[in-house]
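Q: Sequence first, then the predicted structure:
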Amino acid sequence: MTAGKLAFSTFAVLLSACATTEKGSMTMSLPAVPTPEDARAVSPALAHNTDSLLLGEVWKRPGLSPRDRSLVTLAVLISRGQTVEMAYHFNRALDNGVTPLELSETINHLAYYSGWGNATATLLIAKEVFAGRSIGVDQLAPVSPARLPLDEAAEQARVAQVDNNVGPVAPGLVEYTTKALFRDLWLRPGLAPRDRSLITVSSLVANGQVAQVTFHLNRAMDNGLKQSEASEMLTQLAFYAGWPNTFSAVPVFKDVFSKRQEG
Amino acid sequence: MTAGKLAFSTFAVLLSACATTEKGSMTMSLPAVPTPEDARAVSPALAHNTDSLLLGEVWKRPGLSPRDRSLVTLAVLISRGQTVEMAYHFNRALDNGVTPLELSETINHLAYYSGWGNATATLLIAKEVFAGRSIGVDQLAPVSPARLPLDEAAEQARVAQVDNNVGPVAPGLVEYTTKALFRDLWLRPGLAPRDRSLITVSSLVANGQVAQVTFHLNRAMDNGLKQSEASEMLTQLAFYAGWPNTFSAVPVFKDVFSKRQEG
Amino acid sequence: MTAGKLAFSTFAVLLSACATTEKGSMTMSLPAVPTPEDARAVSPALAHNTDSLLLGEVWKRPGLSPRDRSLVTLAVLISRGQTVEMAYHFNRALDNGVTPLELSETINHLAYYSGWGNATATLLIAKEVFAGRSIGVDQLAPVSPARLPLDEAAEQARVAQVDNNVGPVAPGLVEYTTKALFRDLWLRPGLAPRDRSLITVSSLVANGQVAQVTFHLNRAMDNGLKQSEASEMLTQLAFYAGWPNTFSAVPVFKDVFSKRQEG
């Protein structure tokens, strides 16, 4: 190879590696992902426990499937904007049986439940994971698929309650809660209602939003989440959302479990 | 061009694109920003709703101006550290009539209301946006501009209340609350008190800090925010701060609205 | 130097600077860190106050040592995922007398108290800081060092309370709270119990988790944190975790101080 050719190929690599994402005087890129070796250089105990305690033991506990643990973990990472671990856990979720369609709908769902910017922050990482697995847009849901049937009775009860409490304060919020959430998002068939509830509750716990847990944990259990699964969610959440958020959710879970047993 | 010149220019581009931000063995850069095409590769529905529902409909609703919607959105992104969407929304805010001075003061204000690191995380992105629009430091506020007049009566009431509640527990906190916030930051003329209140309330809702909303929503309305604007803020916040944070704020907004109507 | 050699060295720099972290079509890197000059280009007031008010005054206040202020600040940054300021504050902490071992254990501790992904997000940054100071793994704790003695009476009281409140709801959570936290993490000798409490309380305040502050502030003071230090923590937290989170914690601090004085 001549110097000229080498220089040219250097330039080409440069363009693809850096300059394609250049903007102004700064490059833009995805967050770097640490390896186990990086972890050992900073905290041998953390590296060890990631491998043996968390991945080697907690993820393998009965009571909640690896697929469900992946959904819980994705909900934490997305709803807290934790981009560093996303590529790893997007791949792990797909390995654990979360379909590309379900991952796509998880991101779409959490745009509404954790904030639009949380969903946006996943896009380039998810795109790379999909590209690395040759997952095309044909495996994802169209913009407007046929919707699941609406449970009219439950929806009427919800609307009555929201109209009464929220309507006079924030009519715009009421409008989009009905139109964009309960008559659209929740009826999209790409992610089962039980799974939408699983990620919604996980997102609430991950961000300390205990005030909304009662409604959504009841909805989750109405949608088929078993009490034993809800209980074991808390083990998974302790590690990914931290002990304090999880402990703060315990009294609400306890109250929901107890009221449903009485009922 | 000879091979040597090409190689040299390659090296120059490399330096500006990557190596200027090198530190140790890792490069450092700004977060990459997804395009609509990236969004479509991950979630066609999210891409569609970003364009048609959020930008195409919600942002155009009456009740809150595009400029105010930009301030609300900036407050969410900055106070939650959502860097991926910042470049887009800094530009959008400037297009919507937020002045460079107001954007600069928004960042400065939220250093105190969401944390110093939240403000720091905006700096390189804002610097690039300013550079791309040839906005120089002459368009920003000096370190110490002439301050707005202090409302002595309101400030005395605030000080009495804080002295009583916080003074015995945290005298340092009381000192800087007066010195750095209410006798300095809030009196800087680069962002109107009504707008400082708008971003403060937005930041509180975005981080689930409902305990502080009563004081600041009242202050916002004292500073000129209309009830109809406060109500429509909640629509904007639902999309950017997520439904749960917004629903958790509704009872506080309701209570403030109701007490002010009685009063 | 010939053109060929220059081109080759360009390629080598490119590989080390960018391509080693390439994945798919995107590079991955650490977040870029703004300089004081960058801050001045966006907000001269923020740049000035970072230097004169925060670093020049608050950090030098009596009541809490610079080392403790660094621990408080690290806890905020790590538990909120604020990566942009981490390299600066990891170095500052080491300059202020936090040992590499203590920094390593701080990261390990906050994996449990703020979430695994928060700890993971620090690794590459901490690794670079350690490398820049030639800090090897020999200065860190082994995976399983000899543990501090357990306070059996306090632990029995804690277990009884948790068994009663959490046991029926989330047995897995109870199991790991005992096994991974109170009979392992808290007994690791690399970070004193008083310092573990200091970062735990700081993390709770930084994320608005006031429900857990009573237990951990009492534990902190049992572990040797003085009331005057706890009080001055709130000054430091106001700047790094924001005024609202800090004000929300004040009533809990007040209550803990008051009950301990009576007791």
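A: Nice, thanks for sending it over.

Q: Need the nearest residue in space to A:A41, chain neighbours excluded.
A: C:K127 (4.8 Å; CB to CB, 6 or more residues apart in numbering or on different chains). For the C-beta atoms, the positions are set from N, CA and C on the backbone; glycine is no exception.

Q: do the same with A:L148
A: Spatial nearest neighbour of A:L148, chain neighbours left out: A:L187 (4.5 Å); criterion: CB to CB, 6+ apart.

Q: so how far is chain B from the one you found?
A: The gap separating A:L187 from chain B is 12 Å, by CB to the nearest CB, to the nearest Å.

Q: Let's see the pLDDT reported for that residue.
A: A:L187 carries a pLDDT score of 98 in this model.

Q: What residues does it make contact with?
A: Residues near A:L187 by CB atoms under 8 Å, 6 or more residues apart in numbering or on different chains: A:R147, A:L148, A:P149, A:L150.

Q: contacting residues for the residue nearest to A:A41?
A: Applying CB under 8 Å, 6+ apart, we find C:K127 in contact with A:P34, A:D38, A:A41, A:V42.

Q: Same check on A:R80?
A: Neighbours of A:R80 in contact, by CB under 8 Å, 6+ apart: A:S114, A:N118, A:A206, A:N207, A:A241, C:G81, C:G115, C:G117.

Q: Quick check, the third one in contact with A:T73.
A: No - in this structure, A:A206 is not within contact of A:T73 by CB atoms under 8 Å, at 9.7 Å.

Q: Quickly list what's touching both of those two.
A: A:Y240.

Q: and A:K179, how many neighbours?
A: Neighbourhood size, A:K179 [other CB atoms under 10 Å in any protein chain shown]: 12.

Q: confidence score at it?
A: For A:K179, the model assigns a pLDDT of 95.

Q: From C:S202, how far out is it?
A: Between A:K179 and C:S202 the distance is 42 Å, computed by CB to CB, to the nearest Å.

Q: same question, A:E37
A: 30 Å.

Q: Next: A:P44.
A: 24 Å.

Q: And for A:S79?
A: For A:S79, the distance to C:S202 equals 23 Å [CB to CB].

Q: again, but for A:Y88
A: In terms of CB to CB, A:Y88 sits 28 Å off from C:S202.

Q: more crowded one of these two?
A: Comparing A:Y88 with C:S202 by other CB under 10 Å, the one with more neighbours is C:S202, at 28 against 17.

Q: Can you give me the pLDDT of that one?
A: For C:S202, pLDDT reads 98.

Q: hang on, the earlier thing: specify which member of the contacts of A:R80 is nearest to A:P193.
A: Lowest distance from A:P193 to the contacts of A:R80 (CB to CB) belongs to A:S114, with 18.4 Å.

Q: Run through who's touching the longest helix along chain A.
A: Longest helix in chain A by number of residues (criterion: DSSP state H): helix A:243-262. Residues outside helix A:243-262 that contact it (CB under 8 Å, 6+ apart) are A:204-208, A:210, A:213-214, A:217-218, A:221, A:227, A:230-231, A:234, A:237-238, C:112-115, C:165-166, C:168-170, C:173, C:177, C:181, C:203-204, C:207, C:209, C:211-212.

Q: Can you flag which of those belong to helices?
A: Counting by DSSP H, the contacts of helix A:243-262 contribute A:204-206, A:213-214, A:217-218, A:221, A:227, A:230-231, A:234, A:237-238, C:112-114, C:165, C:173, C:203-204 to helices.

Q: what subset of those residues is also close to chain B?
A: A:L204 (CB under 8 Å from any CB of the partner chain).

Q: among the ones in helices among the contacts of helix A:243-262, which ones are buried?
A: With neighbours counted by 16 or more other CB atoms under 10 Å in any protein chain shown, these contain buried members at A:204-206, A:213, A:217-218, A:221, A:230-231, A:234, A:237-238, C:112-114, C:173, C:203-204.

Q: Quick one, grab the pLDDT at the residue most central in space within chain A.
A: Per CA atoms, centre = their mean, the C-alpha nearest to the average position across chain A is that of A:A75, at 2.5 Å. On pLDDT, A:A75 comes in at 98.
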